[in-house]
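Peer 1: Only the shape, not the letters, is given here:
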């Protein structure tokens, strides 16, 4: 019996030792597994940091696009006859495209046509066309396509027939309204009928707008309220049916057009015809305005 008890105790002791060894091995295996996991996580973290640094370096190498509001170096100015002339050695074979009385019925379509042709222009707006949510959206879209918005007064009245206070309201109210809609004030001003007063000229200067008339335009004359006739007149510079039998097309010409059905219909041909004659539409943002003059 004594031998049996000793044998039983020996078996139990060996069994306990075996379990202890297994538990120890298991803990070591678990420790090795945890260590491998930690090492893998450290490797992944290091790789993530390297990837992030590479991405940052790649972003640093990418050239930042020009901000929409960034001012370009001025290359042109307006002379006393409202033509656009180079400041230094800029290309002189340019013309300025302008659209008055916007945004009425066709301005947005005209803007889209010009955008497709990569032909810059100024859209001169009247305040009485900016009284509905639809017209606001039209103006925003024209502006977002990159076209400068000019001030053409509120109601298109002849400024010479108005008091100074009425002139102020006609001009400043439009600049205020345009700013409300697109977030910036107009930099260009054109008086209805090209009719300015000493007061309006001073006010426009105070508002830091460039006052301009035009060198030629025909679409508001009845004989040229026709698509084919206005195309021919704008490309040639001639208006024989309104006593202009000679061409007014020359480098720097400031071309007047309007938000009209016939002009809209012929706009693509007008731009292409002027280009065929060697004239490229100038970006209005390259023209000096008050406060932006180069020294």
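Peer 2: Cool, got the structure. Since the structure is predicted, the reported quantities are computational estimates derived from the model, not experimental observations. Numbering: from 1, shown residues only.
Peer 1: Residue 138 belongs to a helix, doesn't it?
Peer 2: Yes. According to DSSP: H, G, I helix; E, B strand; the rest coil, the state of residue 138 is that of a helix.
Peer 1: List the residues that contact it.
Peer 2: 103, 107-108 (CB atoms under 8 Å, 6 or more residues apart in numbering). The way it works is simple: take the backbone N, C-alpha and C, and place the C-beta from them, glycine included.
Peer 1: among the residues you listed, which are in helices?
Peer 2: Using DSSP state H, the subset of the contacts of residue 138 located in helices is 107-108.
Peer 1: And the contacts of residue 138, which is closest to residue 282?
Peer 2: residue 107 (19.9 Å; CB to CB).
Peer 1: and the closest one, how many residues sit next to it?
Peer 2: By the criterion of other CB atoms under 10 Å, residue 107 has 26 neighbours.
Peer 1: just residue 86 next, same as before
Peer 2: Residue 86 has 17 neighbouring residues, counting by other CB under 10 Å.
Peer 1: So it sits against residue 75, correct?
Peer 2: Yes. Between residue 86 and residue 75 there is a contact at 6.5 Å, judged by CB atoms under 8 Å.
Peer 1: distance of the closest residue to residue 115 other than its chain neighbours from residue 261?
Peer 2: Spatial nearest neighbour of residue 115, chain neighbours left out: residue 145 (4.9 Å); criterion: CB to CB, 6 or more residues apart in numbering. Going from residue 145 to residue 261 by CB to CB, to the nearest Å gives 21 Å.
Peer 1: now residue 248
Peer 2: 24 Å.
Peer 1: More neighbours: these two, which one.
Peer 2: Comparing residue 248 with residue 261 by other CB under 10 Å, the one with more neighbours is residue 248, at 18 against 14.
Peer 1: what separates that one from residue 287, distance-wise?
Peer 2: Distance, residue 248 to residue 287, by CB to CB: 19 Å.
Peer 1: The stretch 51-200 of the chain: strands as residue ranges?
Peer 2: Using DSSP state E, counting those that start in this stretch, the strands found in the stretch 51-200 of the chain span residues 76-78, 84-86, 94-102, 122-125, 149-151, 188-189.
Peer 1: highest average neighbour count across these?
Peer 2: Among these, ranked by average contacts under mean count of other CB atoms under 10 Å, first place goes to strand 122-125 (a mean of 29).
Peer 1: mean confidence score for it?
Peer 2: Averaging pLDDT along strand 122-125 yields 98.
Peer 1: which residues of the stretch 101-250 of the chain score low on pLDDT?
Peer 2: Judged by pLDDT under 70, the stretch 101-250 of the chain has no weakly predicted residues.
Peer 1: which residues in the stretch 1-150 of the chain form helices?
Peer 2: Using DSSP state H, counting those that start in this stretch, the helices of the stretch 1-150 of the chain run over 2-61, 107-116, 133-144.
Peer 1: If we go by neighbour counts, what in the shortest one is buried?
Peer 2: Going back to what we said before, that points to helix 107-116. 107-108, 110-111, 113-114 (16 or more other CB atoms under 10 Å).
Peer 1: Can you spell out which helices and strands pack onto that helix?
Peer 2: With contacts taken as 3 or more CB pairs under 8 Å, 6 or more residues apart in numbering; DSSP states H and E, helix 107-116 sits against strand 94-102, helix 133-144, helix 261-276.
Peer 1: could I get the ones you listed as CSV with distance to residue 207?
Peer 2: Shown next, in CSV, are these (distance: least, CB to CB, whole Å):
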stretch, distance to residue 207
strand 94-102, 18
helix 133-144, 18
helix 261-276, 28
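Peer 1: highest average neighbour count across those?
Peer 2: Comparing the helices and strands packed on helix 107-116 by mean count of other CB under 10 Å gives strand 94-102 as most buried, with a mean of 25.
Peer 1: which strands and helices sit next to it?
Peer 2: Short answer (3+ CB pairs under 8 Å, 6+ apart): strand 94-102 packs on strand 84-86, helix 107-116, strand 122-125, strand 254-258, strand 280-281.
Peer 1: about what we covered before: show me which of the buried residues of helix 107-116 is closest to residue 256.
Peer 2: Closest approach between the buried residues of helix 107-116 and residue 256, by CB to CB: residue 110, at 13.6 Å.
Peer 1: okay but that closest one is in contact with residue 99, surely?
Peer 2: Yes. Look at residue 110 against residue 99 with CB under 8 Å: they come within range, at 5.9 Å.
Peer 1: buried set for stretch 195-208?
Peer 2: Neighbour-count burial for stretch 195-208, with 16+ other CB under 10 Å as criterion, is recorded at 196-197, 199-200, 203-204, 207.
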